[in-house]
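Participant: from the sequence below, what's the structure:
(chains A, B, C and D)
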Protein chains: 2
Amino acid sequence: MSVPTIKDVAKLAGVSISTVSRVMNESKPVSPESRRKVLDAIKKLDFKPNELARSLVMRKSNMIGVIVKDIGISYMAQIVRGIEEIGRMYNYDILLSSTYGDIEAEHKIIEFMCTKQVEGIIMISEKINPETLFKLKSKNIPFVRLDKFYEYTDEHTVSIDYKSTCNKMTNYLVDEGHNSIVFISEDVTSRIGREKLAGFNEGVATRKVKSALINAKDITVQTGYDMGEEIFKLIKENNSTVVFASEDSLAIGFISYCYDNGLKVPQDISVAGFGDDLIASIYRPALTTIEEPYYDMGAISMRKLIKELRNEEKLKDVTILPSRIVERGSVATFTKKNK
Amino acid sequence: MSVPTIKDVAKLAGVSISTVSRVMNESKPVSPESRRKVLDAIKKLDFKPNELARSLVMRKSNMIGVIVKDIGISYMAQIVRGIEEIGRMYNYDILLSSTYGDIEAEHKIIEFMCTKQVEGIIMISEKINPETLFKLKSKNIPFVRLDKFYEYTDEHTVSIDYKSTCNKMTNYLVDEGHNSIVFISEDVTSRIGREKLAGFNEGVATRKVKSALINAKDITVQTGYDMGEEIFKLIKENNSTVVFASEDSLAIGFISYCYDNGLKVPQDISVAGFGDDLIASIYRPALTTIEEPYYDMGAISMRKLIKELRNEEKLKDVTILPSRIVERGSVATFTKKNK
DNA sequence: CTGAAAGCGCTAACAC
DNA sequence: GTGTTAGCGCTTTCAG
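Facilitator: Predicted coordinates:
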């Protein structure tokens, strides 16, 4: 016989299917005897309820859709880890799909996930398309967005305080003895780009140190590398001793450029990043950077989503997580510190 | 009204639900007029069929379970990308779960995925537990394993020819003018470990160069680093000019050790890896290594699984994919080559 | 406490 | 061509 159903269990146990259901779900009292018989039958048949059928009748799929731009991007994978672990705790499975930035695909995925009756959706992307967002909202299915360029509006997200963190890093660099800093900023038309820049500027202003700015067109390692020459120029012009990149990838790209062009990090120039990518600790020199708690971002998003689904709690619009500076080898110290 | 069902469509179109079903699935001819009415109603209501219900009655979930050890491991994420893209082509969704090596969790996940009626399972792990495998087989649900330590038996997998590839790399190194090679091998009790070593030995034997061997207890970057001192000793004893690590992570760890201990790669010592991890091209010096086609491994596994599900083709036991040497900066050239 | 019966949303014979 | 009906495997009234 193929896979057993509740009927088979009922027959073997000599009770009705309702009784079987009741012992399985402990939804209603069942006499000890029936209970035992049912349990025996379940064990004997190695019966496992068909979750599809349960989902259908209970209108509850226990599935969350996770839409990422690309699961191969390491920080996204870290977020997914968090989502997944919390999911398992609450018995939620995740349906994963990647968009590769294709907006057509994005829409299809959302449709499809809805037909699969996912109970909620988490979107992880660098930038989420407004149309997609609109679509998502129209479905009125709970969702959380994890989006680097998120402008606070009325959706739910989990983030860190980019501004104060960049301020902190700037202060740290000055504390280490750096008096002229080059800042590589990312897309300043985005909230995060602006916040990071603002934090840096604030730090520079309060500490009264010199600064120079350069914009990255995107946040790939390649771009960090390609900007090398320009950055070198800025360093020379400003007598800078450190480059603070608003993304680790940019910092790594730049360090690679230094490597290829005979500048030693941190002996000749210090470099700090932002994000604590997987690679930041492996690279040599290991990158001094700001830890973005990706795993936690995923975990908290998931927890929020689940609470919302259980009506235990309304999703708060924005959750701000702490972040910290991770000191590694890429920043030289010019001051004697007594820690 | 909440989400519309097939009934609502039927009512609005003034036909029976069968007719609606028929036009949706094009399963049977329908008069042009009914068809139009149905299509109109569907559009008007923005009706989308409940896939859960369809799955239940058709006994076909269109879901594949993907069990990874940890989606945060970059090569695993690469494999998942391949799986996912092919999946979408064939309208398969993926249900993702990570085990973190916990065998308890592994079993639960398999159970759970089966109750969710996944049609097949792909397991991605460095080492798959025999018990898990047994469980999986007992479910008799099609599955593919992507396992570094896989010993060919009777399951289905996709792999590359580790032996000949290592042989090729060894020859390449000799061609570049290296006459004494240190090989960092991984767990030689595993098939892959053995094959890699065999390939290396073969190359060394045919080219009649000197060689030294050292075993890695695992394949983490840290281990590569920790072995640094021992490797240094081997290099000195054998006058070696190159270290060939059987995993990129080991190579990277070792290069980091060199960096921290004043040996320059490739000026003082060359290093080659295996795998072409994401980091291999980003690291400086960029790592000369062997490209393992992770994406393709995922894609092909998925395609095989789907073919099997469609009964178009039996899963071949083992599929061997091509791989190639990626020349980058970590290996010095001592010979003049006219390419 | 327990069983019969209705029904979740859909597909697939089976009649007409 | 089309509607009726019987399920898919399960939960949940509703009687008893």
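Participant: count of neighbours near A:Phe149?
Facilitator: Using other CB atoms under 10 Å in any protein chain shown as the criterion, A:Phe149 is surrounded by 15 other residues. For glycine as for every other residue, the C-beta is placed from the backbone atoms N, C-alpha and C.
Participant: okay, the closest residue to it other than its chain neighbours: pLDDT?
Facilitator: Nearest non-adjacent residue to A:Phe149, counting by CB to CB, 6 or more residues apart in numbering or on different chains: A:Ser190, 3.7 Å away. You'll see A:Ser190 listed with a pLDDT of 81.
Participant: got the contact list for the nearest residue to A:Pro285 once chain neighbours are set aside?
Facilitator: For A:Pro285, ignoring the flanking residues on the chain, the nearest one in space by CB to CB, 6+ apart is A:Gly329 at 4.0 Å. By CB atoms under 8 Å, 6 or more residues apart in numbering or on different chains, the residues touching A:Gly329 are A:266, A:284-288.
Participant: closest one to DNA strand D out of the residues you listed, please.
Facilitator: A:Leu287 (51.1 Å; CB to the nearest atom of the strand).
Participant: isn't the closest one up against A:Leu250?
Facilitator: No: at 10.9 Å, A:Leu287 and A:Leu250 do not qualify as touching, with contact defined as CB atoms under 8 Å.
Participant: who has more neighbours, those two?
Facilitator: Legend: neighbour count by other CB under 10 Å for A:Leu287 and A:Leu250, higher for A:Leu250 (31 against 28).
Participant: for my notes, confirm that one occurs in a helix.
Facilitator: Yes: counting by DSSP: H, G, I helix; E, B strand; the rest coil, A:Leu250 falls inside a helix.
Participant: which residues are in contact with both of A:Leu287 and A:Leu250?
Facilitator: A:Gly273.
Participant: could you list the low-pLDDT ranges of the stretch 1-150 of chain A?
Facilitator: Across the stretch 1-150 of chain A, the stretches falling below the confidence threshold (pLDDT under 70) are A:1, A:150.
Participant: what do you get if the cut-off is 80, keeping everything else the same?
Facilitator: Scanning the stretch 1-150 of chain A for pLDDT under 80 picks out A:1, A:148-150.
Participant: now the strands for it?
Facilitator: Remark: strands assigned in the stretch 1-150 of chain A by DSSP state E, counting those that start in this stretch are A:63-68, A:93-98, A:120-125, A:143-147.
Participant: pull the CA atoms of the shortest one into CSV?
Facilitator: C-alpha atoms of strand A:143-147 as CSV (Å, rounded to 0.1, in the frame of the first residue of the first chain):
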residue,chain,number,x,y,z
PHE,A,143,5.0,41.4,4.5
VAL,A,144,8.4,42.7,5.6
ARG,A,145,10.9,44.3,3.4
LEU,A,146,14.6,44.2,4.0
ASP,A,147,15.9,46.8,1.6
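Participant: give the other helices and strands that it contacts.
Facilitator: When contacts are defined as 3 or more CB pairs under 8 Å, 6 or more residues apart in numbering or on different chains; DSSP states H and E, strand A:143-147 packs onto strand A:120-125, strand A:157-160, helix A:294-309.
Participant: list the contacts of the first one.
Facilitator: So the one you mean is strand A:120-125. Strand A:120-125 is touched from outside by A:64-69, A:76, A:79-80, A:83, A:99, A:101, A:110, A:113, A:132, A:136, A:141-147, A:298, A:301-302, A:305-306, A:308-309, with contacts defined as CB under 8 Å, 6+ apart.
Participant: then it to PDB, C-alphas only?
Facilitator: Presented in PDB, the C-alpha positions along strand A:120-125 are these (Å, rounded to 0.1, in the frame of the first residue of the first chain):
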ATOM      1  CA  GLY A 120       3.400  36.100   4.600                       C
ATOM      2  CA  ILE A 121       6.200  37.400   2.500                       C
ATOM      3  CA  ILE A 122       9.700  38.700   3.300                       C
ATOM      4  CA  MET A 123      11.400  40.500   0.500                       C
ATOM      5  CA  ILE A 124      15.200  40.900   0.600                       C
ATOM      6  CA  SER A 125      16.600  43.100  -2.100                       C
END
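Participant: pLDDT value on the residue nearest to A:Pro285, please?
Facilitator: Confidence for A:Gly329, expressed as pLDDT, is 91.
Participant: same question for A:Glu313.
Facilitator: Per-residue confidence for A:Glu313 comes out at a pLDDT of 70.
Participant: what sits against it?
Facilitator: With contacts defined as CB under 8 Å, 6+ apart, the neighbours of A:Glu313 are A:304, A:307.
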